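Student: All I have is the shape, not the residue letters:
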């Protein structure tokens, strides 16, 4: 509901006197923005005969080795799993995502269909609107197709859910923070979570931050978890600037992911807190992005936004192999138990339970 200019706290107090509402809260904002974004130095990629796949940028994907994803492929490639990317939309025409993208949803227009989750044309001019395509490529870019990169779960499918306003919504709903991050609202996130759950998602990835507690989002996440959908969320990039808590990542049952670099050290920006579950590579990650005339289809991005989809992809590998026993709680516990302990001994607020290890998560006998 729109306040039509009324004072929101006063309006909530007034509405709270009515007995028709179970609860009332303001529709607070959520943001997405990578910590850093840069062009790929070699726009054409380099084929390396020693690579286990023929994707030209595979040699730049240190993250797949660091998390033992390449070893895990012998056990699972994510077949039959659906990963919802609740974000800024996905480039459905990207050559490295062809055949990987299902019909999606636009939470602003309430439209469903092949084009509903497509990345906005704003992707071409704004880093934040390239975000969803980058996330999707990390999860499920086609492997061994002679193009670009290999996804963590190359046989999984992407369900694109757009929660940031498209061009037609832009002038009436889109806002920008002073740091350039795009803004959406928690009602769109909650709608996207419920829609994804109702449309057969097995995993939900949200490389997003919510800065205030929201009953609406908490209820939506619980709905997903109760329907056997694992929820993976970026921990946030605020540790160097106050370590502001990401309430979305802190919801009970969520897998909250911190970011490491190529040396397996936690990055300076990666949020710390008792809600961090595991860590994954999030520094200088190459992945798919929209581009004009397909001239710059890959970019490096840095942030916990990039770490989260690595874990979402690994969750897809796990669910594909273990089937019905792989409930959200079981998967979360397994990821934490098989992670490589880094930092202080045992769980700590920086690395959580450690760096995810896809092979151990799939192969550990316990």
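Tutor: Received the coordinates, thanks. Note that the structure is predicted; figures quoted are calculated from it, not measured. Numbering: from 1, shown residues only.
Student: Quick check: nearest residue in space to residue 138, chain neighbours excluded?
Tutor: Sequence neighbours aside, residue 309 is the residue nearest to residue 138 in space, at 4.0 Å (criterion: C-beta to C-beta, 6 or more residues apart in numbering). Bear in mind the C-beta positions are built from the backbone N, C-alpha and C, glycine included.
Student: What of residue 307?
Tutor: Distances taken as C-beta to C-beta, 6+ apart place residue 282 nearest to residue 307, at 3.4 Å, with adjacent residues excluded.
Student: Quick check: the gap between the one you found and residue 134.
Tutor: Here the criterion is C-beta to C-beta, to the nearest Å. By it, residue 282 lies 11 Å from residue 134.
Student: got it, and residue 205?
Tutor: Between residue 205 and residue 134 the distance is 12 Å, computed by C-beta to C-beta.
Student: Let me see the ranges of the strands in the stretch 101-250 of the chain.
Tutor: Secondary structure of the stretch 101-250 of the chain (DSSP state E, counting those that start in this stretch): strands located at 104-106, 111-113, 157-162, 175-176, 182-185, 203-206, 209-210, 230-234.
Student: which residues touch stretch 348-361?
Tutor: Defining contact as C-beta atoms under 8 Å, 6 or more residues apart in numbering, one finds that stretch 348-361 is touched by 66-69, 71-72, 75, 152, 256-258, 260, 264, 266, 270, 272-274, 276-280, 310-311, 314, 317-318, 334-344, 347.
Student: what mean pLDDT does that stretch have?
Tutor: Averaged across stretch 348-361, the pLDDT comes to 98.
Student: ok, residues contacting stretch 100-112?
Tutor: For stretch 100-112, with C-beta under 8 Å, 6+ apart as the criterion, the contacting residues are 82, 89-90, 92, 113-114, 116-118, 136, 140-142, 151, 156-163, 165-166, 168-169, 173, 188-189, 191-192, 195-196, 199.
Student: List the residue ranges of this structure that fall below the pLDDT cut-off.
Tutor: With pLDDT under 70 as the threshold, the chain has low-confidence stretches at 43-50, 120-128, 166-182, 366.
Student: burial measure for residue 265, as a count.
Tutor: Other residues within reach of residue 265 by the criterion other C-beta atoms under 10 Å amount to 15.
Student: Next one: it relative to residue 62, how far apart?
Tutor: On the measure of C-beta to C-beta, residue 265 and residue 62 end up 13 Å apart.
Student: Check residue 186 too.
Tutor: Between residue 186 and residue 62 the distance is 35 Å, computed by C-beta to C-beta.
Student: Ok, residue 203 next?
Tutor: The spacing between residue 203 and residue 62, counted by C-beta to C-beta, is 23 Å.
Student: Comparing those two, which residue is more hemmed in?
Tutor: residue 203 (32 against 17).
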